[in-house]
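[1] Show me the folded form of this:
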Amino acid sequence: MIVSEIFRSLQGEGKNQGRPCTFIRLAGCNLRCAWCDTPYAREGGEEMSVTQVLDRVWLLRGTHICITGGEPLLQREDVLKLLEKFSLHGYTVEIETNGTCDFRDMQPYASICMDVKCPSSGEKSDLSLLSFITPRDCVKFVVADEDDLLYARAVMSRCEIRGEVFISPVEGSDYRAVADQIVEENLPVRFQLQLHKILGVK
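    Numbers count the residues shown, from 1 in each chain. Next up is the predicted model:
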């Protein structure tokens, strides 16, 4: 598999925000989001075997793993092998995905955090995948403005989402305006600032 980096940090978003976590960031992505915070992971990376990845993770310690990217599900076969190994060793795993690749074969081994792309990103997710989200999983909308919030609301009204939904303002946007609109419309979401950006960590 092609790995951009493996490191320890705090989980910055989603259901496990604030928890110490080992991140496996895979290289390569099929999207070019306007507000991507890891453009370096779109290309390059280091070729590593599943065993080498496991060894690196073991040395870093910790039992919570996040497989992210880029778009990790572009390396589906290797990710599945990795997940099978992690399940044997008692790790808890979550996968962050951009909502363009089917994740159902990953769900027996990992929770899914699906990032639904809003208009300001310049990209689109496959909304049909939302029907496969379970209560164990979550969905994230990163919003830059009112149009993005309107889009998120429209998606939630059209699609049944059984997992928890997070709204995260883009760094530098009007956080208070987003929060106020969520309260005013009583949206069934959790407002969440991206912790890793506030702390200046990965």
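
[2] In contact with the residue nearest the centre of the chain, which residues?
    Nearest residue to the geometric centre of the chain (C-alpha atoms, centre = their mean): E96, 2.8 Å. Residues in contact with E96 (C-beta atoms under 8 Å, 6 or more residues apart in numbering) are 14, 66-69, 72, 113, 115. Using the backbone N, CA and C atoms, a C-beta is placed for each residue, glycine as well.

[3] do G28 as well
    Contacts of G28 by C-beta under 8 Å, 6+ apart are 2, 41-43, 45, 69-71, 74-75.

[4] And the buried ones among those residues, selectable in ChimeraX?
    The buried residues among these can be selected in ChimeraX (16 or more other C-beta atoms under 10 Å) with this line:
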select :2,41,42,45,69,70,71,74,75
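
[5] Sort out for me which of the contacts of G28 are in strands.
    I2 (DSSP state E).

[6] which one of the contacts of G28 sits closest to V155?
    E71 (19.7 Å; C-beta to C-beta).

[7] So for the closest one, what's the nearest residue that isn't a sequence neighbour?
    With sequence-adjacent residues excluded and distances taken as C-beta to C-beta, 6 or more residues apart in numbering, E71 is closest to C29, at 4.6 Å.

[8] any idea how far the one you found is from D148?
    Distance of C29 to D148, given as C-beta to C-beta, to the nearest Å: 20 Å.

[9] repeat for E77
    34 Å.

[10] Looking at these two, which has the bigger crowd around it?
    Counted by other C-beta atoms under 10 Å, E77 and D148 do not tie: D148 has more neighbours, with 22 against 8.

[11] List the contacts of that one.
    D148 neighbours (C-beta under 8 Å, 6+ apart): 118-120, 141-142.

[12] most surrounded residue in the residues you listed?
    Counting by other C-beta under 10 Å, top hit in the contacts of D148: C118 with 27 neighbours.

[13] isn't it right next to E146, touching?
    No - when contacts are counted by C-beta atoms under 8 Å, C118 is not listed as touching E146 (11.0 Å).

[14] Now for these two: what residues contact both?
    In contact with both C118 and E146: no residue, using C-beta under 8 Å, 6+ apart.

[15] which residue ranges form the strands in the chain?
    Remark: strands assigned in the chain by DSSP E are 2-10, 20-26, 46-47, 64-68, 92-97, 111-116, 138-143, 164-169, 190-191.

[16] and the second one, which strands flank it?
    Counting by DSSP bridges, the strands paired with strand 20-26 are strand 2-10 (antiparallel), strand 64-68 (parallel).

[17] Kindly report the same for the third one.
    Here the strand partners of strand 46-47, with direction, are listed using DSSP bridges: strand 2-10 (antiparallel).

[18] residues of the partner strand that come out buried?
    2-6.

[19] swap in stretch 34-53?
    Result for stretch 34-53 [16+ other C-beta under 10 Å]: buried residues 36, 38, 41-42, 45, 48, 50, 53.

[20] before we move on, what about stretch 131-151?
    Neighbour count says stretch 131-151 has 133, 137-145, 148-149, 151 buried, by 16+ other C-beta under 10 Å.

[21] circling back: out of the strands of the chain, nearest to A179?
    Where the strands of the chain are weighed against each other on C-beta to C-beta, the nearest is strand 190-191, at 5.3 Å.
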